[in-house]
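> okay, predicted coordinates and the sequence, questions at the end:
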Amino acid sequence: MILITKLVRYGSIAAAIVGFYAIFMISRTQAARQLPTSSDPPIIPPQKPYVEAVAATGILEALSENVAIGMPSPGLVSSVWVKVNDLVKKDQPLLALDNRDLLAEQLSTRAQHEIARAQITVSEAQLAKLTSQLARLTAVADSRAVSLDDLENRKQDVAISQAQLVSAKAQLAATESSLKRIDLLIDRLTVRAPRDGSIIQVNVRSGEYAANTPKNPAMILGDIDKLQVRADIDEQNASRIRPGQAAHGYLKGDPTVTFPLEFIRVEPYVIPKTSLTGSSTERVDTRVLQVIYSLTRPSDPPLYVGQQVDVFIEAPDHHPKP
Amino acid sequence: MTGLALKMLFGDTAKYVMLIAGLFFATFLIVQQASVFCGLMLWTTATLKNVAAPIFVVEERVEQINETNPMRDTDVDRVRSVSSVRWAMPLYSGIQRVRLSDGSFKTVQLVGIDAASLAGAPGRMVEGRLEDLRLPNTVVIDQLATTRLASNPKDPSTKIKIGDRFEINDVEARVVGICEAMRSFTGGPYVWTTYERALQYTPPSRKMLSAVIAAPVKGMSVEEAAADIERTTGLRAYVNHTFGKDTKDFNTSTVWWYIRNTGIPISFGTTVIIGFIVGVAIACQTFYAFVLDNLKHLGALKAMGMSNVKLSMMLLVQAFTIGIIGFGLGLLATSGFAMGALKNGQPPFFMPWQIPVCAFVAVQLICMLAALLGIIRLSLYEPAMVFRA
Amino acid sequence: MPDPVPSSRIIVDVRNVEKSFGDGDNRIHVLKKIMLQAYSGEIMMLVGPSGCGKTTLLSAIAGTLRVDGGGINVLENQLNEMSGSALTRFRSRSIGFIFQQFNLIPTINIAENVSIPLMIQGVSSSKALQRSKDALERVGLGNRWKERPNKLSGGEQQRVAIARALVHEPPLVICDEPTAALDARNGEIVLDLFRQVARSPDRAVIIVTHDSRIFSYADRIARMDDGEIVEVHEQSQPTPPHFVHEHAHG
């Protein structure tokens, strides 16, 4: 009995002490389990270069907009002379379309040209013969030996022959201009660079059929030494934008790549935002003001047209501090 | 005198055990239920703990993190345009379904974070590299997911490892990392991926941005920055510390939302109150019986010249002692429960220091109430009555 | 009134004490103008039939009951004029109690039980325990001090109660029916012992009893009936029961 009493007494006290200790340990364990509180992300996001700035998302484009090279006429591509990234001069041939139909036409026109030339020779010989016959008749002194009528006939023959020669010469000139026309048409099938620049994209290869669709140009020519950034600014921040504000760009994905931007212009028309994720489920739910900035392409690291850029534009806060 | 009081208390084993049992149950019910309640409430803020950003910017009427109203993508730029903001990144958070290799479905809490900065990434990686999240079709899962998404959760060999694949809404996901994370309220494991990929995993809808996470510029408090964001953008900016009095704290706001809108607090509160009542009933009744039993002796003490103050002190010492011991035993039982809960990750258990302190006060209140009854009974006992045996 | 002991002095002086319970028609006068003295060195018994008011008088003398009229002077203290807490303090220092039911606390050992009056006075527990062991020695239970009261017989328990009543050397000891819970033999043994250890030149002992077998242990016997002292016997040479002599009131 005494034993049980003592057991209950000291057992309960000991258990209570253990209980206090255990709950203390639980509390410690629990604290150790706590996840770290808010800290900076693993990679520090771009630091804002200005105290008051408007942030925007932009995309890199070639300066002075890209040229989609058009075809003179739809046709088979016979040869492509340039590759992507080639620097081209104005009028440098880029590609040629198939011109064999014109070459064939040239052949037959050349033959006609020869014929016309032979025709002239024939006409000249005929004229010489008739001219000499007329001269012999005119040389007979006795007018009774030559009938007047006969003399008149001879004179008319010579005039006809002269006219025939003129006609043959005109025929020759006609075939010659025909040849020139064919040369021009052949030359037209060679597409040349409209200006200096770089080939950004080539969408045709020789043997393919090149059609004239504006959405899918055969080649894109642009100037990639100088790039431009098209920045989308939420319409709610549009009122803070003024021409000439300084701006800074940060390459998306690598915030260490930064470059100053040079203001070019504000697009005067506010357009629906096209999501830059390139997703098929583009959400058109807000309108954005587009501002164009240019930048000199840094040599290292390389920038590519089409990359996304975080843009900060220095613009005063229009919400006054309280 | 204290020794006498304690000896009288411990001498009556049966009553002592009854008293201790009553207070033990009261303590256990109060502490354990309150901790489970706190644990459950903490689970509701799991996303806030797992995405440890100082400021959460959400749509203006959003009150809790698990039910956000999506915003437009450009809102990230708007937040970023606020002068007080050092950085701001998009966040996707939503419940999605995962299809396992055997064709069964499990729900997960999908979190999409900015791929470049990885802002909002899990705080503690267990295995793998966070940076691998930039590879195509990759995800980082929490430890719960390794068993939850396994083909046989009971079998450790089928645990999800790095390199394993599953499908989220029919899009492939490859595991590149395992991290520590707090369990979500819905019980689903957390799966991290990049924001863009989260949008691909998610069925398209018009707006997808759940929240913008942000940090204040150096030298500015998060509260000031949050106020700045609200004023400038008209969005709702919450700070992310911990549950407290601050209604601008997302944790507080979320927990209060659950308290207001669910029956959880009623259910747990009832149990806690019942625990208190059980404690009061058993402890007071037994202690009063204990006093009545000893009334003859206590009366003799009173006759022999022991003052009412000393007698009251004796009863208070006795009540306090059983309070301490019963409370300690209750804590022991709660610790046992807590160890299991912390080991398995469920049921929810979170015990802020206020719970044991409040429970201690409650238990001592019960004891003092019991002692008070005894004191009143004793003060009504005239010492002359001891002669009328 | 002759002094039983030459150097005796008045310990208790009860003058014209009145006490009644109840109201109006139900009012019962329990004590009616009681006059009584108790002297140091004597053992006085209050005897009488049940309901005669002897226990009420004892309670009043012990300072546990307030009277309606008259005055009780114990050791130069007017009990009527003392505050409740002063009265409590007075009881703890000056009076030893022996109850009918012994009233030992069952959950502590007998030495601790005996030390209670000392502890009430604030004596340190080690000193109190030593003195209570000495007191137990005097009642013949010195080697059993570790026992719990319920291990002891009734007589032994009352001996423990005697030790408790005397441990703080009070000048007045109050006994309420000390033998009522004991058989005749044990009662005699206890009273015999009690007379040996309690009777001292500095102490008055008042015993309330209706057990006529122990009357012989008294120096004086005050007989009460219906709230009045009807007679006081004086026994100049108190003797064991078989030598009891009845003396007429002088």
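Happy to help now that I have it. Predicted model only: the values in this text are computed from it and were never measured. Numbers count the residues shown, from 1 in each chain, chains lettered A, B, ... in the order given.
> please report how far residue B:232 lies from residue B:223.
15 Å (Cβ to Cβ, to the nearest Å). For the C-beta atoms, the positions are set from N, CA and C on the backbone; glycine is no exception.
> compare these two (neighbour count), which wins?
Using other Cβ atoms under 10 Å in any protein chain shown as the criterion, residue B:232 and residue B:223 rank with residue B:232 on top: 21 against 16.
> can you verify my assumption that the more buried one contacts residue B:85?
No. With contact defined as Cβ atoms under 8 Å, residue B:232 does not reach residue B:85; the gap is 9.2 Å.
> for the residue nearest to the spatial centre of chain C, phi and psi?
The centre of chain C sits closest to residue C:174, judged by Cα atoms, centre = their mean, with a distance of 1.7 Å. Note on residue C:174: backbone dihedrals following degrees, to the nearest 10 are phi -110, psi 130.
> ok, the residue nearest to it when sequence neighbours are not counted - contacts?
Once flanking residues are discounted, residue C:174 sits nearest to residue C:62: 4.7 Å by Cβ to Cβ, 6 or more residues apart in numbering or on different chains. Neighbour list for residue C:62: B:303, B:384, B:387, C:91, C:95, C:97, C:174 [criterion: Cβ atoms under 8 Å, 6 or more residues apart in numbering or on different chains].
> least confident of those?
Within the contacts of residue C:62, residue B:387 has the lowest pLDDT, namely 78.
> circling back: which ones among the contacts of residue C:62 are found in helices?
B:303, C:91 (DSSP state H).
> stretch A:170-184 - what's its average pLDDT?
Per-residue pLDDT over stretch A:170-184 has a mean of 92.
> and if you look at stretch A:260-279?
73.
> equivalent analysis for stretch B:284-292, please.
88.
> chain center to it, what's the gap?
Distance of stretch B:284-292 from its chain centroid, counting by Cα atoms, centre = their mean, to the nearest Å, is 36 Å.
> hmm, that stretch touching chain C?
No. Contact of stretch B:284-292 with chain C (Cβ under 8 Å from any Cβ of the partner chain) is absent, the minimum separation being 10.9 Å.
> for residue 195, give me the pLDDT.
Here I'm looking at chain A. On the pLDDT scale, residue A:195 gets 84.
> that's the wrong chain, I meant chain C
Note on residue C:195: pLDDT of 87.
> for residue B:93, same thing?
pLDDT, residue B:93: 90.
> is the helix or strand in which it is found in proximity to chain A?
Here residue B:93, judged by DSSP states H and E, is contained in strand B:85-99. Yes. Contact of strand B:85-99 with chain A (Cβ under 8 Å from any Cβ) involves B:85-89.
> and the helix or strand just after that strand, what does it pack onto?
Using DSSP H and E, the helix or strand that follows strand B:85-99 in sequence is strand B:105-113. Applying 3 or more Cβ pairs under 8 Å, 6 or more residues apart in numbering or on different chains; DSSP states H and E, one finds that strand B:105-113 makes contact with helix B:46-50, strand B:85-99, strand B:190-194, helix B:195-201.
> sheet partners, orientation included, of strand B:105-113?
Strand pairing for strand B:105-113, determined by DSSP bridges: strand B:85-99 (antiparallel), strand B:190-194 (parallel).
> mean neighbour count for the ones you listed - can I get that in JSON lines?
Listed next are those as JSON lines, based on neighbours: other Cβ atoms under 10 Å in any protein chain shown:
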{"stretch": "strand B:85-99", "mean neighbour count": "22"}
{"stretch": "strand B:190-194", "mean neighbour count": "25"}
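> mean pLDDT lowest for which of those?
Lowest mean pLDDT within these: strand B:85-99, a mean of 89.
> for the residues of strand B:85-99 next to chain A, which one is nearest residue A:233?
Among these, residue B:88 lies closest to residue A:233 (Cβ to Cβ), at 15.3 Å.
> list the contacts of the closest one.
Neighbour list for residue B:88: A:55, B:57, B:76, B:79-80, B:82, B:212-215 [criterion: Cβ under 8 Å, 6+ apart].
> mind giving me the PyMOL select for those residues, buried ones only?
Buried residues within the contacts of residue B:88, by 16 or more other Cβ atoms under 10 Å in any protein chain shown, are selected in PyMOL with:
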select buried, (chain A and resi 55) or (chain B and resi 57+76+79+80+82+212+213+214+215)
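> could I get the contacts of residue B:88 as a markdown table with pLDDT, secondary structure and distance to chain C?
Below are the contacts of residue B:88 laid out as a markdown table (pLDDT from 0 to 100; DSSP: H, G, I helix; E, B strand; the rest coil; distance: Cβ to the nearest Cβ, whole Å):
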| residue | pLDDT | secondary structure | distance to chain C |
| --- | --- | --- | --- |
| A:55 | 86 | strand | 79 |
| B:57 | 92 | strand | 68 |
| B:76 | 87 | helix | 75 |
| B:79 | 89 | helix | 72 |
| B:80 | 87 | helix | 76 |
| B:82 | 87 | coil | 73 |
| B:212 | 91 | strand | 70 |
| B:213 | 90 | strand | 66 |
| B:214 | 89 | strand | 68 |
| B:215 | 89 | strand | 65 |
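> ok, the contacts of residue B:88 vs residue B:253, which is closest?
Within the contacts of residue B:88, distances to residue B:253 taken as Cβ to Cβ reach their minimum at residue B:57, with 13.3 Å.
> find the residue closest to the closest one in space, skipping its chain neighbours.
residue B:212 (4.1 Å).
> who does that neighbour bridge with?
Beta-bridge pairing of residue B:212 under DSSP bridges involves residue B:57, residue B:90.
> thought residue B:75 was touching it, still the case?
Yes. Using Cβ under 8 Å, residue B:212 is in contact with residue B:75, at 6.0 Å.
> between the two, which contacts overlap?
Joint contacts of residue B:212 and residue B:75 (Cβ under 8 Å, 6+ apart) are B:57, B:235.
> one step back: so how far is residue B:340 from the residue nearest to residue C:174?
According to Cβ to Cβ, residue C:62 and residue B:340 sit 61 Å apart.
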